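In: just need the structure, nothing else, for what follows:
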Amino acid sequence: MNFNHFETSLGKENEYPKLVRDKIPEIIKKEKNVKVKTRILEDDKEYLEFLFKKIKEEVDELVNAKNKDHMVEELSDVMEVIDEILKSNNLNLKDIQNAQKSKVLERGGFLKRILMLEKK
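Out: Prediction:
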């Protein structure tokens, strides 16, 4: 699969500092012959801050997906960041799925596609 990158409404892709996948610095060096300056996020709080920033970026890219293949690519990025947020907070997907089921039972889902126009 060929992975593409797109400018988002949150800003250009090349805005730094930004959290990147583990192999991105190597890929940039190999493909563009450009050295990348990096540092490791040792502090859990700072790491979580950059994960939250990253998920906003990935969701924005998802919202602007051009077709189904692009949507799959962006959803995979969103899921990767969600997995990392869960892991870094000692949570698991089952916890989230249980909360999701509870909310659906209590408040419903989105199956009916209800759009609220106003509240009087």
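In: drop to CA atoms for contacts and neighbour counts, all remaining ones
Out: OK.
In: tell me the spacing between Lys103 and Gln97.
Out: Counting by C-alpha to C-alpha, to the nearest Å, the gap from Lys103 to Gln97 is 10 Å.
In: got it, and Leu51?
Out: 20 Å.
In: so which of these two has more stuff around it?
Out: The neighbour comparison of Leu51 against Gln97 (other C-alpha atoms under 10 Å) goes to Leu51, with 20 against 11.
In: quickly find the element holding the more buried one.
Out: helix 44-63 (DSSP states H and E).
In: buried residues in that helix, which are they?
Out: By 16 or more other C-alpha atoms under 10 Å, the buried positions in helix 44-63 come out as 47-48, 50-52, 54-55, 57-62.
In: only alpha carbons, please: show stretch 58-75 as CSV.
Out: C-alpha atoms of stretch 58-75 as CSV (Å, rounded to 0.1, in the frame of the first residue of the first chain):
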residue,chain,number,x,y,z
GLU,A,58,-4.8,12.1,12.4
VAL,A,59,-8.5,12.8,13.0
ASP,A,60,-8.3,15.9,10.8
GLU,A,61,-6.6,13.8,8.1
LEU,A,62,-9.4,11.3,8.4
VAL,A,63,-12.1,14.0,8.1
ASN,A,64,-10.4,15.2,4.9
ALA,A,65,-9.9,11.7,3.4
LYS,A,66,-10.5,11.7,-0.4
ASN,A,67,-11.7,8.2,-0.8
LYS,A,68,-12.3,4.9,0.9
ASP,A,69,-8.7,3.7,0.6
HIS,A,70,-7.5,7.0,2.1
MET,A,71,-10.1,6.6,4.9
VAL,A,72,-8.7,3.2,5.7
GLU,A,73,-5.2,4.6,5.9
GLU,A,74,-6.2,7.4,8.2
LEU,A,75,-8.3,5.2,10.4
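In: I'd like the average pLDDT over it.
Out: Across stretch 58-75, pLDDT averages out at 97.
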